[in-house]
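[1] Got a predicted structure here, sequence first:
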Amino acid sequence: MAEAAALVWLRSPSFGCKAVWCASAPRSIEKTTNREACRDLSGRRLRDVNHEKAMAEWVKQQAEREAEKEQKRLERLQRKLAEPRHCFTSPDYQQQCHEMAERLEDSVLREVELLGLEKLKCELTARGLKCGGTLQERAARLFSVRGLAKERIDPALFAKPSKGKKK
């Protein structure tokens with residue numbers, strides 16, 4: 001029995017055996033270069049501490065970035081303002097444009113007047129607009145709402161809803 005106890009005692013691993021094993025296999029134990037996963041004395045990971053420092057620095061530089069962005073915008077505006085702009089200052093051209101606009105409006109009103117009172121009345125009632133007045137008033141009213149959506153037309157131009165005929 002004493003021998004058996006001695007065998008058990010001899011077979012149990014000791015610190016010396018571990019040291020021999022570690023010394024015989026140095027390739028399996030490598031020094032790490034990743035210090036980010038380590039913890040500081042307060043128990044926080046260094047990666048978190050470094051990230052907080054970087055964020056604080058980024059926030060400090062935010063005003064600088066905004067100022068630089070504004071400076072670039074102002075420089076771009078100055079370049080655009082410095083470029084000469086081409087504009088038509090010819091009095092002949094302006095006179096021609098004005099005359100053409102007047103002739104166009106006159107010709108449109110003349111054509112609408114040729115349609116007659118009844119046709120204008122039908123067009124105005126189809127759009128739900130007031131249909132009274134002279135030929136020129138009706139034509140002007142119809143001309144003023146051309147191309148507009150119903151929501152964009154002046155409410156004063158709409159006819160009042162009829163109450164229905166009493167018998």
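    Sure thing, it's come through. Note that the structure is a prediction, hence the values are computed from the model and not measured. Numbers count the residues shown, from 1 in each chain.
[2] Where do the helices of this structure begin and end?
    2-11, 15-24, 46-60, 62-82, 91-115, 117-126, 135-144 (DSSP state H).
[3] Kindly reformat those helices as a markdown table containing mean pLDDT.
    Below are the helices of the chain laid out as a markdown table (pLDDT from 0 to 100):
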| stretch | mean pLDDT |
| --- | --- |
| helix 2-11 | 49 |
| helix 15-24 | 61 |
| helix 46-60 | 94 |
| helix 62-82 | 93 |
| helix 91-115 | 87 |
| helix 117-126 | 85 |
| helix 135-144 | 83 |
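[4] Burial-wise, tell me which of those comes out on top.
    Among these, judged by mean count of other Cβ atoms under 10 Å, the one packed with the most neighbours on average is helix 135-144 (a mean of 16). Backbone N, C-alpha and C define where each C-beta goes, glycine included.
[5] What helices and strands are in contact with it?
    If you count contacts as 3 or more Cβ pairs under 8 Å, 6 or more residues apart in numbering; DSSP states H and E, helix 135-144 packs onto helix 91-115, helix 117-126.
[6] Dump these to a markdown table, plus distance to residue 150.
    As requested, the helices and strands packed on helix 135-144 are exported to a markdown table (distance: least, Cβ to Cβ, whole Å):
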| stretch | distance to residue 150 |
| --- | --- |
| helix 91-115 | 20 |
| helix 117-126 | 12 |
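[7] Which among these is found nearest to residue 35?
    Judged by Cβ to Cβ, the one of these that comes nearest to residue 35 is helix 91-115, at 75.3 Å.
[8] from the chain's centre, how far out does that closest one sit?
    On the basis of Cα atoms, centre = their mean, to the nearest Å, helix 91-115 sits 42 Å off its chain's mean C-alpha point.
[9] who touches it?
    Among residues not part of helix 91-115, those counted as contacts by Cβ atoms under 8 Å, 6 or more residues apart in numbering are 88, 120, 123, 135-136, 139-140, 142-143.
[10] one more time with 6 Å
    135, 139 (Cβ atoms under 6 Å, 6 or more residues apart in numbering).
[11] cool, and stretch 133-153?
    Identification of contacts with stretch 133-153 by Cβ under 6 Å, 6+ apart yields 109, 112-113, 117, 120, 123.
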